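# Can you look at this prediction? I've put the sequence above it.
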Amino acid sequence: MRRLLLMGPPGSGKGTQAAVVARHLDIPAISTGDIFREHVAAGTPLGREAKTYMEGGHYVPDSVTNEMVRSRLTEDDAIRGFILDGYPRTVPQVEFLDEVLAAQHVELDRVLLLTVDVEEVVGRLKRRAGAEGRHDDDEEIIRHRLRLFAEQTAPLAAEYERRGLLVRIDGMGAIDEVAARMLAAATDDDAAEAAEPTSGATGAALGVQSPVDGAAGRA
Ligand code: AP5
Ligand code: MG
C-alpha cells in the first residue's frame, strides 16, 4: 500500500491526515497546495502565476499543475510511494496522472475520500484564518472553494469507485479519531470492500455531508 490519493473538500483534513499516513508508511506526503504556496513565498515564476488563482480560490490551470506534479513524482523519495493531497482535482488531471504512473509502470493502490459537514469545514477554515492567515481562508472564498470542489472534483470519485479504488472516510470528529480511520483504510486490504454504500447518500457522494438540498448549492 504505497501509492495513495487523498481527496476531500477544503478543510476536510487532507493535510493533517496525509502527514499521519506519510509518517506511518514512511512515504512522502505531497500537497499541490503546499508546493504552490512554497513557490509563491519564494517568488518563482510558477508562484507568480499560481498566486492570482489561489488568492481567489480558483484552480490553477491544469497545464501548470500537471507538469509540477510530474516533476515531483519523479524525485527519488516518491519512487517508492507517496500520498498525494489535493491532486487530481479535474478530469484532465486524472488522465495526466494515469499517464505519469503508466510511464513508471506503477499503479495506484487506493483513493481515500474524506467526507465532512460543510458548516464544520467553514468553521475550521475560519479558525485557521485567525491562526495562520491563509489568504484564501476568507468566508466568501472558502464557499467558492467548496463550490469548485463539489462541481469539479467530487465527481472524480465515481471514476475511482469504478476502478475499485475508492474508500470513503468519515472526516468528522477529533483529529486522532479520523487518523485511526485513515490508517485502517490506508493499510487494511479489506477496507475497500467495507467502504460506505453510495446509494441515497447525496452528500457523501459529493464528499461532503449535508442535507439533501445540497452542499453544492449552498457552499
Ligand atoms: P490546498 O492547499 O490543497 O487547499 P484546500 O484543498 O482548499 O484544502 P486545505 O489545505 O484548506 O484543507 P485540508 O483538507 O488540507 O485540511 P487541513 O488538514 O489543513 O490548495 C490551495 C489552492 O492551491 C487551491 O485553492 C488551488 O488554487 C491550488 N491547487 C492545489 N491543488 C490544485 C490542483 N490539483 N489543481 C489546481 N489547483 C490546485 O485542516 C484544515 C484546518 O482544520 C486546520 O486548521 C486543521 O488543524 C483543522 N482540522 C483538521 N482536522 C480536524 C478535525 N478532525 N477536527 C477539527 N479541526 C481539524
Ligand atoms: Mg491542505
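Here it is on my side, so go on. Ligands and ions are numbered 1, 2, ... in the order given.
# Wondering if the helix of greatest length in the chain reaches ligand 1 at all.
Ranked by residue count, the top helix of the chain under DSSP state H comes out as helix 118-132. Yes. Judged by Cβ under 6 Å from any ligand atom, helix 118-132 and ligand 1 are in contact via R124, R128. For glycine as for every other residue, the C-beta is placed from the backbone atoms N, C-alpha and C.
# Point out the other helices and strands that the helix or strand following that helix packs with.
Using DSSP states H and E, the helix or strand that follows helix 118-132 in sequence is helix 139-148. Helices and strands touching helix 139-148, by 3 or more Cβ pairs under 8 Å, 6 or more residues apart in numbering; DSSP states H and E, are helix 118-132.
# tell me what the helix it packs on is packed against?
helix 139-148, strand 208-209.
# any idea of the angle the longest one forms with helix 118-132?
Read it as helix 139-148. Interaxial angle of helix 139-148 relative to helix 118-132 (axes from the mean of the first three to the mean of the last three Cα atoms, to 10 degrees): 130 degrees.
# For helix 139-148, buried residues please.
I141, I142, R143, H144, R145, L146, R147, L148 (16 or more other Cβ atoms under 10 Å).
# Spatially, what comes nearest to the fourth one if we skip its sequence neighbours?
Right, H144. G57 (4.5 Å; Cβ to Cβ, 6 or more residues apart in numbering).
# how many neighbours does the one you found have?
Neighbour count of G57, defined by other Cβ atoms under 10 Å: 20.
# give me every residue that touches it.
D136, I141, I142, H144, R145, L148 (Cβ atoms under 8 Å, 6 or more residues apart in numbering).
# hang on, it in a helix?
No. Per DSSP: H, G, I helix; E, B strand; the rest coil, G57 lies outside any helix segment and is coil.
# Put the alpha carbons of the longest helix of the chain into CSV.
Provided in CSV are the C-alpha atoms of helix 118-132 (Å, rounded to 0.1, in the frame of the first residue of the first chain):
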residue,chain,number,x,y,z
VAL,A,118,-20.0,21.8,5.1
GLU,A,119,-20.6,24.1,8.0
GLU,A,120,-17.9,22.2,10.1
VAL,A,121,-15.3,22.9,7.4
VAL,A,122,-16.3,26.5,7.1
GLY,A,123,-15.8,26.8,10.8
ARG,A,124,-12.4,25.0,10.7
LEU,A,125,-11.1,27.3,8.0
LYS,A,126,-12.3,30.5,9.6
ARG,A,127,-10.5,29.4,12.8
ARG,A,128,-7.4,28.7,10.7
ALA,A,129,-7.6,32.2,9.1
GLY,A,130,-7.2,33.7,12.6
ALA,A,131,-4.2,31.4,13.4
GLU,A,132,-2.3,31.2,10.1
